[in-house]
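[1] predicted structure and sequence below. I'll ask about it afterward.
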Amino acid sequence: MFFTQLFKPAPHAERLPADRVDSEYRKLRLQVFLGIFIGYAGYYFVRKNFSLAMPYLIEQGFSKGELGVILSAVSIAYGLSKFLMGIVSDRCNPRYFLAAGLFLSGIINIIFGSFSFITTSIILMFVLQFLNGWVQGMGWPPCGRTMVHWFSISERGTKMSIWNVAHNVGGALMPSLVTLGLYFFANDWKSIFYFPGILSILVGIYVLITMRDTPQSCGLPSIEEHTGEYPSDEKVKDRERELSVKEILFKYVLNNKFLWYIAIANVFVYFVRYGVVDWAPTYLVEEKSFTHSSSRTAYALYEWAGIPGTLLCGWMSDKLFKGRRAPAGILFMVGVFIAVLVYWLNPPGNPMVDSIALVAIGFLIYGPVMLIGLHALDLAPKKAAGTAAGLTGFFGYLGGATFASAAMGFIVDAFGWDGGFILLLVSCVLAMFFLALTLNTGSAKPKQA
């Protein structure tokens with residue numbers, strides 16, 4: 001396969017002397033972690049900037065339904081790509097794989113914002129957003145592969161929750177970058193695309209400098225050998241053997257019913273996540289009398305609030321629930337339900353209450369988002385980690401995020417915002433139901449070798 005040849009995994013290097021292993025492991029773990037953290041945050045500079053452009057496009061005469069269809073292009077492509085790229089990434093070097101996606105997404109956004117005729121055509125905007133969504137699928141899987149190779153299972157919940165706030169850092173910085181771009185480029189609203197695109201390419205260069213493939217490619221032992229921790233339900237005798245695509249798909253992923261449960265739960269979690277955040281700028285401007293600037297601020301606060309919420313959720317799943325991911329996810333979704341209800345029913349003229357409700361949703365929703373991805377990694381061998389995560393992402397984006405983009409626009413056009421919020425609340429309940437089916441799964445204590 002072309003991709004696997006272009007990005008083939010780095011070969012194992014000669015083992016370093018024993019007295020250098022600990023110090024080198026500490027240094028490279030930090031370096032690699034910063035690579036996937038900053039790298040993935042960079043993906044968010046160029047993933048959802050279309051949401052912030054929608055109020056400007058509505059002023060040009062586009063309907064919410066039309067813009068929702070364009071917005072759905074990212075989710076459709078990303079859902080397909082995350083699964084397929086997950087399969088590919090399990091057999092690729094994440095250093096080059098992660099960087100390539102940043103380069104390509106940056107170039108697409110620069111093209112999108114640089115030619116005025118593009119933003120007058122629904123078809124052209126859809127095609128470019130689809131292409132952007134496709135290369136965005138090169139982000140999560142190599143980060144998941146890196147996580148399982150460099151961090152042991154007993155620390156993965158906490159480390160994964162820290163890494164997962166890259167979603168929020170990137171998403172929260174994006175509105176500020178948009179404002180900065182508008183300032184630099186004389187309020188040209190198309191700078192919403194090309195300015196973050198330039199920054200995405202710079203982040204890709206940083207990833208190439210900092211990332212590494214596996215510990216063994218750096219002359220270090222595997223993380224299991226180094227820590228003496230092995231998964232309690234080990235499924236693969238030779239954990240370091242590269243698996244075939246057939247083994248990954250049919251032996252370890254598609255026949256795992258718990259992976260299917262969390263994948264379906266992810267549909268509803270992602271519908272709530274994107275049903276709220278994608279439409280927040282438009283909803284707040286139209287229904288709550290926010291300005292474009294204040295709606296961007298509220299959007300950013302939603303993302304920033306996800307950072308402490310994600311960290312708390314990861315800590316709870318590791319420490320309070322002993323590696324079981326579902327209980328914390330359900331608890332946080334109960335909170336999301338309440339916050340969405342307040343965000344909907346609060347009457348116009350109370351911007352503080354609207355902002356607090358939006359912040360509460362952001363604080364709570366990213367915990368389940370992170371836990372579902374982490375749970376997928378827990379449920380599969382590490383050489384199938386990218387595919388397992390890709391399956392949940394496929395469902396989340398192709399089902400939940402696409403529906404939140406396209407269907408939400410048409411539903412609001414037809415039934416008003418009340419119809420949209422009823423769907424959000426129903427989705428909260430269904431997410432809790434499918435998470436509950438996995439309550440007794442998870443690795444409480446990894447066994448010692």
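    Structure received. Note that the structure is predicted; figures quoted are calculated from it, not measured.

[2] let me see the ranges of the strands in the stretch 51-200 of the chain.
    In order along the chain, the stretch 51-200 of the chain carries no strands (DSSP state E, counting those that start in this stretch).

[3] L425: what's it in contact with?
    Neighbour list for L425: 337, 340-341 [criterion: C-beta atoms under 8 Å, 6 or more residues apart in numbering]. No exception for glycine: its C-beta is placed from N, CA and C like everyone else's.

[4] OK, contacts around the residue nearest the centre of the chain?
    With distances taken as C-alpha atoms, centre = their mean, the residue of the chain nearest its centroid is H167 (5.9 Å). Counting by C-beta under 8 Å, 6+ apart, H167 touches 40-41, 44, 303, 306, 310, 366, 369.

[5] again, but for Y283
    Going by C-beta under 8 Å, 6+ apart, Y283 touches W417.

[6] just to revisit the earlier point, closest to G329 among the contacts of L425?
    F337 (12.9 Å; C-beta to C-beta).

[7] hmm, that closest one is touching V429, no?
    Yes: contact criterion C-beta atoms under 8 Å: F337 and V429 qualify, at 7.2 Å.

[8] for these two, indicate the residue with more neighbours.
    Counting neighbours by other C-beta atoms under 10 Å for F337 and for V429 shows that F337 has the greater number, 20 against 12.

[9] just give the closest residue to that one, not the sequence neighbours.
    Nearest residue to F337 in three dimensions, chain neighbours excluded: C428, at 4.1 Å (C-beta to C-beta, 6 or more residues apart in numbering).

[10] and that neighbour, that one's in a helix?
    Yes: the assignment for C428 is a helix, going by DSSP: H, G, I helix; E, B strand; the rest coil.

[11] now do the contacts for it.
    268, 272, 333, 336-337, 340.

[12] again with M432
    Neighbours of M432 in contact, by C-beta under 8 Å, 6+ apart: 330, 333-334.

[13] pipe those residues into a markdown table and attach secondary structure per row.
    Converted to a markdown table, the contacts of M432 look like this (three-state DSSP):
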| residue | secondary structure |
| --- | --- |
| I330 | helix |
| M333 | helix |
| V334 | helix |
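
[14] isn't F410 up against G65?
    Yes: contact criterion C-beta under 8 Å: F410 and G65 qualify, at 4.5 Å.

[15] re earlier: which of the contacts of L425 lies closest to F103?
    V340 (37.0 Å).

[16] contacting residues for the closest one?
    Neighbours of V340 in contact, by C-beta under 8 Å, 6+ apart: 272, 276, 357, 361, 421, 424-425, 428.

[17] from C428, how far off is it?
    To C428, V340 is 7 Å away according to C-beta to C-beta, to the nearest Å.

[18] and G362, by the same measure?
    Separation of G362 from C428 (C-beta to C-beta) stands at 15 Å.

[19] which secondary structure element of the protein has the lowest mean pLDDT?
    Here the helix or strand of the chain ranked lowest by mean pLDDT, DSSP states H and E is strand 447-448, holding a mean of 41.

[20] thinking again about what came up before, any chance of the contacts of H167 in a markdown table, plus secondary structure?
    Below are the contacts of H167 laid out as a markdown table (three-state DSSP):
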| residue | secondary structure |
| --- | --- |
| Y40 | helix |
| A41 | helix |
| Y44 | helix |
| E303 | helix |
| G306 | helix |
| T310 | helix |
| Y366 | helix |
| V369 | helix |
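
[21] list only those of those flagged as buried.
    Burial by neighbour count, judged by 16 or more other C-beta atoms under 10 Å, picks out 40-41, 44, 303, 306, 310, 366, 369 from these.

[22] out of the contacts of C428, who's nearest I205?
    Within the contacts of C428, proximity to I205 (C-beta to C-beta) peaks at V272, which comes in at 35.1 Å.

[23] give me the element that closest one is part of.
    According to DSSP states H and E, V272 maps onto helix 257-277.

[24] what's the offset of that helix from the middle of its chain?
    12 Å (C-alpha atoms, centre = their mean, to the nearest Å).

[25] what is the rounded mean pLDDT of it?
    The pLDDT scores in helix 257-277 average 90.

[26] check which helices and strands it sits against.
    helix 292-315, helix 326-345, helix 351-378, helix 385-395, helix 408-436 (3 or more C-beta pairs under 8 Å, 6 or more residues apart in numbering; DSSP states H and E).
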